[in-house]
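> model this:
(chains A and B)
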Amino acid sequence: MASLANPTQFSRVSAKALPVLLALAAALIAAGLWLALVASPADYQQGDSVRIMYIHVPSAWLALMGYTGLAVCGLFALVWKHALADVLAKATAPVGAAFAAITLVSGSLWGKPTWGTYWVWDARLTSVLILFFLYLGHIALTHAFEDEARGARAAAILALVGVVNVPIIKWSVDWWSTLHQPASITRFAAPAIDPSMLRPLFVMAGGLFAYFFAVILMRARAELAARKARALAVAVAGRADAPFPGAGLGETA
Amino acid sequence: MSGLAQALAFGGYGAYVWPAYGFAAAVLIGLFVAARRQLARAERDAERMRAALRAPEPRS
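Predicted coordinates:
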């Protein structure tokens, strides 16, 4: 991991990792869709609505992981002024927001036939909605300032303050009485789900994890290239023969 | 109802299952396409600037 601290090293490693992650994502998501929509049984109580689980649950895991990642990036950016931390945070926030949105929408569509309502202001649903807004706030702050470094700093502070919401989401179903069921998959107990449903869940989760990291790597590489282009544009504009002195590239990110 | 249509209806839950998968697909494909476009443009810009810097500086 330490070797990835250097942006040049990061570029080299991520260029190798990206095609592997993309291939893994495509294969696992294709297999996951087949298992989730065709090869797995309907639930004995929920019927076929249980198939929503195979995107809802992995999306929720990724939304939480993404925000935890933002907070770790925020810590590295604020405390150690790490060169890559801001880049990774900027790359991660929209991906995390996308998975939070998928969690909310798929959960809502699952809630209607299961609970009889699309939405209820209970602890789990509300705290995930707050997670989505925290992501939007992070994205907005990142782009709020002319000076990129100030925006990144403000977003890093929000990421650190907002991370208190992550354990609240995780344990909301145990701390408060909510409509949402508690976790079926925990580290210390046998899962409360049949293997025929665990398989599509884990295959889909694996595919979405690979997708998650692949898109973050693509976005981070784009951000690094855009910064490089801006720095080079300054050097080009500074040359005596520059056709339009001072004219560099516009916003490329 | 044909066998396929019946299978796709998911016992009446199709109205919930398909929009959930459709929304996820739309978001994830959109995000991927945007990231790929952004990456291609940034790399092109960086390459253009590198080429501009490599060009010999004329005497004025």
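> for A:Gln183, helix, strand, or coil?
That one is not Gln; residue A:183 is Ala. coil (DSSP: H, G, I helix; E, B strand; the rest coil).
> pretty sure it contacts A:Val173?
Yes - taking Cβ atoms under 8 Å as the definition, A:Ala183 is a contact partner of A:Val173 at 7.1 Å. All C-beta atoms are positioned from the backbone trio N, CA, C, and that covers glycine.
> give me the more crowded residue out of the two.
A:Val173 (18 against 15; other Cβ atoms under 10 Å in any protein chain shown).
> centroid-nearest residue for chain A?
A:Gly96 (2.5 Å; Cα atoms, centre = their mean).
> close to chain A: what parts of chain B are there?
B:10-14, B:16-17, B:19-21, B:23-24, B:27-28, B:31-32, B:35-36, B:38-39, B:41-43, B:45-46, B:48-50, B:52-53, B:57-58, B:60 (Cβ under 8 Å from any Cβ of the partner chain).
> if any of these are buried, give me the PyMOL selection for them.
Per 16 or more other Cβ atoms under 10 Å in any protein chain shown, the buried members of the residues of chain B next to chain A correspond to this PyMOL selection:
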select buried, chain B and resi 10+13+14+16+17+20+21+23+24+27+28+31+32+35+38+39+41+42+43+45+46+49+52
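> which ones are touching the residue nearest to the centre of chain A?
A:Gly96 is in contact with A:62-63, A:66-67, A:69-70, A:135, counting by Cβ atoms under 8 Å, 6 or more residues apart in numbering or on different chains.
> over to A:Leu28?
By Cβ under 8 Å, 6+ apart, the residues touching A:Leu28 are A:203-204, A:206-207, A:210.
> in strands, which of the residues you listed fall?
Among the contacts of A:Leu28, no residue falls in strands (DSSP state E).
> now stretch A:53-70: buried residues?
A:53-67, A:69-70.
> tell me which helix or strand the nearest residue to A:Ile55 once chain neighbours are set aside sits in.
In space, A:Ile55 comes closest to B:Ala24 once its chain neighbours are excluded; the distance is 4.9 Å by Cβ to Cβ, 6 or more residues apart in numbering or on different chains. Using DSSP states H and E, B:Ala24 sits within helix B:14-54.
> do A:Gln45 as well
Judged by DSSP H and E, A:Gln45 forms part of no helix or strand.
> quick one, what contacts A:Glu136?
I think there's a mix-up here, since residue A:136 is Leu and not Glu. With Cβ under 8 Å, 6+ apart, A:Leu136 has these contacts: A:Ala97.
> distance from the helix or strand hosting it to the middle of the chain?
Assigned by DSSP H and E, A:Leu136 belongs to helix A:123-142. Computed by Cα atoms, centre = their mean, to the nearest Å, the separation of helix A:123-142 from the middle of its chain amounts to 12 Å.
> immediately after it, which helix or strand?
Next element after helix A:123-142 (DSSP H and E): helix A:148-162.
> does A:Ile169 really touch A:Phe132, like I thought?
No - using Cβ under 8 Å, A:Ile169 makes no contact with A:Phe132, being 11.0 Å away.
> could you name the helices and strands sitting against the helix or strand of chain B with the lowest mean pLDDT?
Ranked by mean pLDDT, DSSP states H and E, the helix or strand of chain B with the weakest confidence is helix B:3-9, at a mean of 83. Under the contact criterion of 3 or more Cβ pairs under 8 Å, 6 or more residues apart in numbering or on different chains; DSSP states H and E, helix B:3-9 touches no helix or strand at all.
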